[in-house]
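Colleague: Everything below, folded, please.
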Amino acid sequence: MRVFVTGASGFVGSAIVDELLKNGHEVLALVRSEKSAGQLAATGATPLQGDVNDPAILRRGVAESDAVIHTAFNHDFTQFKASCEADRKVIATLGQALAGSGKPLVVTTGMGLLRYDRPVTEDDVLNAKSDEIPRAATDEAAHAVAAQGVDVYLVRLPPSVHGAGDHGFVPMIIGITREKGESAYMGDGSNQWPAVHRHDAAVLYRLIVEQRPALKVLHAVAEQGIPFREIARAIGTGLGLPVVSKTGDAAAAHFTWFQHFAAIGCVASNAKTREVLGWHPTAPGLLEDIATAGYLSAS
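Modeller: The predicted structure is shown next:
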């Protein structure tokens with residue numbers, strides 16, 4: 001099939017493009033720059049240069065494809081609320097273009113939004129609204145499109161989607177650690193982060209568009225929960241810096257704007273996802289990647 005992928009040059013999107021191509025699919029890859037267009041063309045994908053916020057470009061991508069995978073998102077946290085609302089509009093536009101076509105839409109959302117005193121499952125729903133948690137706008141938009149009859153899937157990504165070339169949360173923690181001269185966790189560090197290698201996540205996206213399962217919310221989780229203190233320890237050991245606990249004002253001073261994310265605790269089950277799709281993660285785990293995938297190389 002021909003799959004339209006937004007965010008095709010991104011960390012997750014590029015892995016999805018590679019996974020689709022190596023399994024015999026065609027890819028229409030939405031990219032913003034000529035450089036990215038050239039890089040995607042070299043892989044065998046067909047680049048579509050434009051802005052994800054341009055409705056005309058989105059409608060064209062839908063019209064020229066058999067399925068849509070939406071991974072594009074602006075991760076500038078200084079304008080997080082605006083980015084989430086922009087994502088709502090993108091999903092609504094994709095939904096309008098897909099209405100009545102029978103083509104599937106795979107939407108990417110976050111897993112750290114759901115907090116329970118037990119592992120989060122695919123059946124759990126996000127109870128908070130976007131006026132409380134801005135990222136909920138993505139889920140709200142996906143549900144609205146599904147209510148219009150579009151075949152929509154929500155893929156929940158964990159706080160760490162890791163691998164060589166990662167620019168996400170773990171590199172941010174490493175940057176803070178280098179700046180502060182110590183690797184920290186909050187309290188006893190028992191809050192847990194689920195994680196997945198980007199290549200394992202890419203396989204999941206492919207399986208969804210191929211199989212179109214009855215399960216509509218899927219968990220791209222390979223490791224269901226890694227204590228944050230273990231992440232801090234792996235970073236501290238790799239950099240040769242002390243590993244310490246921080247609480248209260250000391251934690252706020254160390255992590256600054258990242259404190260909210262450092263405190264995330266979300267153990268997540270992948271049982272239904274694995275059972276329904278036959279998805280079996282095989283790539284290295286997060287702690288191994290921190291040690292071997294270039295995360296600790298001097299920048």
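Colleague: low pLDDT regions in the stretch 51-200 of the chain?
Modeller: Within the stretch 51-200 of the chain, the ranges that satisfy pLDDT under 70 run 115.
Colleague: Now do the helices in it.
Modeller: For the stretch 51-200 of the chain, applying DSSP state H, counting those that start in this stretch gives helices covering 55-63, 80-98, 136-147, 169-180, 198-211.
Colleague: just the strands in the stretch 1-150 of the chain please.
Modeller: In the stretch 1-150 of the chain, the strands defined using DSSP state E, counting those that start in this stretch lie at 2-6, 26-31, 46-49, 67-70, 104-110.
Colleague: of all these, which lies closest to Ile176?
Modeller: Closest approach to Ile176 among the strands of the stretch 1-150 of the chain is made by strand 104-110 (20.5 Å; C-beta to C-beta). Where C-beta positions appear, they are placed from N, C-alpha and C, glycine not excepted.
Colleague: quick one: the closest one to helix 80-98, angle?
Modeller: 170 degrees (axes from the mean of the first three to the mean of the last three C-alpha atoms, to 10 degrees).
Colleague: Compute the distance between Ser33 and Leu157, please.
Modeller: According to C-beta to C-beta, to the nearest Å, Ser33 and Leu157 sit 24 Å apart.
Colleague: Could you check stretch 161-174 and say which residues are buried?
Modeller: Residues of stretch 161-174 classed as buried by neighbour count (16 or more other C-beta atoms under 10 Å): 161-163, 166, 168-174.
Colleague: Any chance of JSON lines for these, columns distance to Asp124?
Modeller: As requested, the buried residues of stretch 161-174 are exported to JSON lines (distance: C-beta to C-beta, whole Å):
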{"residue": "Val161", "distance to Asp124": "20"}
{"residue": "His162", "distance to Asp124": "23"}
{"residue": "Gly163", "distance to Asp124": "27"}
{"residue": "Asp166", "distance to Asp124": "27"}
{"residue": "Gly168", "distance to Asp124": "23"}
{"residue": "Phe169", "distance to Asp124": "22"}
{"residue": "Val170", "distance to Asp124": "25"}
{"residue": "Pro171", "distance to Asp124": "29"}
{"residue": "Met172", "distance to Asp124": "27"}
{"residue": "Ile173", "distance to Asp124": "26"}
{"residue": "Ile174", "distance to Asp124": "31"}
